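**Student:** predicted model and sequence follow; I will ask about them next.
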Amino acid sequence: MTDADRPILLRDARLLGVDEPRDVLVAGGRIARISARRMLVVPGVPELALDGRTLAPGLWDGHVHFTQWVVKRERVDLAPADSATAAVAIMRAALPTSDARILVGYGFRDALWPDAPSLAALDEIAPDRPLMLISGDLHCGWLNSAAARLYGLTLPEDGMLRETEWIGALGVHDRGAQPGLASYRAAAADAARRGVVGIVEFENQDNATIWPERVAAGVDSLRVEGSVWPERLEEAIGRGLRTGDRLDDAGLISFGRLKIVVDGSLNTRTAFCWAPYPGLDPADPHSYGVQAVSPEQLVGLLRRAHQNGIAPAVHAIGDQANTAVIDAFEGLGIPGIVEHAQLVAAEDFERFGRLGLVASVQPEHAMDDRDVADRHWHGRTDRAFAFRSLHEAGATVHLGSDAPVAPLDPWLAISAAVSRSRDGRDPWHPEQTLPVDLAVSASARGRYTIAEGEVADLVVLDADPLTATATELREMPVAATMLGGRWTWNDLEGGL
């Protein structure tokens, strides 16, 4: 008998939205019974007293780049850099502390910097050692000449690569710098400690092969839906893979969706918008952002995937990008997920609902980017990160992190969605807040409470999220996490 098969009776649990405590029997990896307190007697079954703690559905992160999240811990932290000069100083200080062949920093956000990056500045501190600085949104990189020589790249004077050229360079680097399995196990265990039972994986790799191998090697704290990118679509079709297919014996890994990226990002000023970015020539098409995939290409990819049972998830951040994606879904008459949906044209909210689209959003990005949006999307922020408008229009809302862009911690997303505030600042566009019950269910695949017969993916909380403040939500104490009837985290009795 496996751990998941062993029954356990959870006594005195408070379910979300239910006044009186309940007892919950878990057996065979599912919720077998829910009864009034002390009304359920199951001889021989071990019991665990929850003592009035909240028992809720386990949480999902709807958008993760897991390898990037794992390796973030090994990279120089550039988040504190408030200028190009500061970023260079951080890298200079890190040079003698690392013996890595290429020194990699992560997390700079240059949209509000008072000075500009330059190739010369990096070459000055490291003329012969490769340096790679990765932006916090993963959409651009700042390299020195030694790194360009290593990867066979030609750099502009500022040393910056953006979008397609940059993503290709990052992919080459990552293939030669994969972390070990112990790092993946640790990151998955950390997610379980925050109540996470599953992730939607958007790393650009052969997820259908790599993730079952990881589970077999002991990375088994999470369920994973693994996406496929366009360059591997035909291979997936040839293998007969369809969205929802189970890919491993443990039932943790499933084949996910086709991930298509049609534009860039706000911080890199490449999100594809109807209005130009401030200070740029409106006659220059690049001033509106980057259209990475043409409407014709998008329709072709969506049609090919749909015909072969592969559902889509399309990255769209700028309002013109979102319009193009909605047009494609509407023209083909198929459902889908829009990843990010950060800036939406006023007339497109209604179409989200009418077409039954899912808006997969990352509320913590609104807290990270509120000042950037105020500058670069000035006059349009009433429809930026517009979670309530999407919900009220009838869109299904999923919450995620886009880790490593924001931490893999659903409580941060829930808090940001509910409060539109962080670090004591006034709420930013508070009319776009979500009610806490909706934010919780949007982080739990639409589940708000638990029911008999469901898979026992559960989280035990030491506080009630329905009455918690924004700060308390961010710091939500997680006492235990259960995945299919087995504990992946349990601090109720001193650990597992």
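**Tutor:** Now that the structure is in, tell me what you want to look at.

**Student:** what ranges does the stretch 101-250 of the chain have for its helices?
**Tutor:** 119-125, 145-151, 163-175, 181-193, 207-216, 233-238 (DSSP state H, counting those that start in this stretch).

**Student:** wait, which of those is closest to residue 11?
**Tutor:** Nearest of the helices of the stretch 101-250 of the chain to residue 11, taken as CB to CB: helix 181-193 at 22.5 Å. The way it works is simple: take the backbone N, C-alpha and C, and place the C-beta from them, glycine included.

**Student:** what bits of this protein have low per-residue confidence?
**Tutor:** Applying pLDDT under 70 to the chain picks out residues 1-4, 493-496.

**Student:** show me it divided up by domain.
**Tutor:** Annotated domains of the chain cover 1-58+447-496, 75-175, 183-446 [automatic domain parsing].

**Student:** about what we covered before: in CSV, list the helices of the stretch 101-250 of the chain along with mean neighbour count and distance to residue 406.
**Tutor:** Converted to CSV, the helices of the stretch 101-250 of the chain look like this (neighbours: other CB atoms under 10 Å; distance: least, CB to CB, whole Å):
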stretch, mean neighbour count, distance to residue 406
helix 119-125, 17, 26
helix 145-151, 18, 26
helix 163-175, 16, 18
helix 181-193, 19, 13
helix 207-216, 19, 21
helix 233-238, 15, 28
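
**Student:** so which of the ones you listed is nearest residue 346?
**Tutor:** Nearest to residue 346 among those is helix 163-175 (26.9 Å), distances taken as CB to CB.

**Student:** just give me how far that closest one sits from the chain centre.
**Tutor:** Between the centre of helix 163-175 and the centre of its host chain there is 19 Å, according to CA atoms, centre = their mean, to the nearest Å.

**Student:** quick thing: my sequence starts at 4, can you match it?
**Tutor:** From this message on, residue numbering opens at 4, which makes the last subject helix 166-178.

**Student:** and it, what does it pack against?
**Tutor:** For helix 166-178, the packing partners by 3 or more CB pairs under 8 Å, 6 or more residues apart in numbering; DSSP states H and E come out as helix 69-75, strand 143-146, helix 148-154.

**Student:** can I get the CA coordinates of that helix in CSV?
**Tutor:** The C-alpha trace of helix 166-178 is given here as CSV (Å, rounded to 0.1, in the frame of the first residue of the first chain):
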residue,chain,number,x,y,z
GLU,A,166,12.8,39.1,-27.8
THR,A,167,13.5,36.5,-30.4
GLU,A,168,17.2,37.0,-30.7
TRP,A,169,17.6,37.1,-26.9
ILE,A,170,15.3,34.2,-26.2
GLY,A,171,17.4,32.1,-28.6
ALA,A,172,20.6,33.1,-26.9
LEU,A,173,19.1,32.3,-23.5
GLY,A,174,18.0,28.9,-24.7
VAL,A,175,21.5,28.1,-25.9
HIS,A,176,22.9,29.1,-22.5
ASP,A,177,20.3,27.1,-20.5
ARG,A,178,20.9,23.9,-22.4
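
**Student:** which residues touch it?
**Tutor:** 70-71, 74, 105, 107, 135, 137, 141-144, 146, 154, 156, 164, 207, 267, 271, 273, 293, 295 (CB atoms under 8 Å, 6 or more residues apart in numbering).

**Student:** re the thing from before, just name the most buried of the domains of the chain.
**Tutor:** Compared across those, domain 186-449 shows the largest average neighbour count, a mean of 20 (mean count of other CB atoms under 10 Å).

**Student:** can you get me the start-to-end distance on it?
**Tutor:** 30 Å (CA to CA, to the nearest Å).

**Student:** just to revisit the earlier point, so for residue 82, which of the helices and strands packed on helix 166-178 sits nearest?
**Tutor:** Taking the helices and strands packed on helix 166-178 one by one with CB to CB, helix 69-75 is closest: 10.2 Å.

**Student:** for that closest one, name the packing helices and strands.
**Tutor:** So helix 69-75, by 3+ CB pairs under 8 Å, 6+ apart, packs with helix 166-178, helix 184-196.

**Student:** 10 Å instead?
**Tutor:** Secondary-structure packing of helix 69-75 (3 or more CB pairs under 10 Å, 6 or more residues apart in numbering; DSSP states H and E): strand 106-111, strand 134-138, helix 166-178, helix 184-196, strand 199-204, helix 210-219.

**Student:** what helices or strands is the helix or strand following it leaning on?
**Tutor:** Heading C-terminal from helix 69-75, the first helix or strand you meet, by DSSP states H and E, is strand 79-80. Where contact means 3+ CB pairs under 10 Å, 6+ apart, strand 79-80 is packed against helix 87-97, strand 106-111, strand 134-138.

**Student:** out of those, flag the one nearest residue 329.
**Tutor:** Nearest to residue 329, of all the helices and strands packed on strand 79-80, is strand 134-138, at 27.2 Å by CB to CB.

**Student:** partners of that closest one in the sheet?
**Tutor:** strand 106-111 (parallel), strand 143-146 (antiparallel) (DSSP bridges).

**Student:** is it possible to get CSV of the ones you listed that adds distance to residue 202?
**Tutor:** Putting the strands paired with strand 134-138 into CSV (distance: least, CB to CB, whole Å) gives the following:
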stretch, distance to residue 202
strand 106-111, 19
strand 143-146, 24
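
**Student:** residue 483 is nearest to which of those strands?
**Tutor:** For residue 483, the closest of these is strand 106-111, at 31.4 Å, according to CB to CB.

**Student:** next, the angle helix 87-97 makes with that closest one.
**Tutor:** 140 degrees (axes from the mean of the first three to the mean of the last three CA atoms, to 10 degrees).
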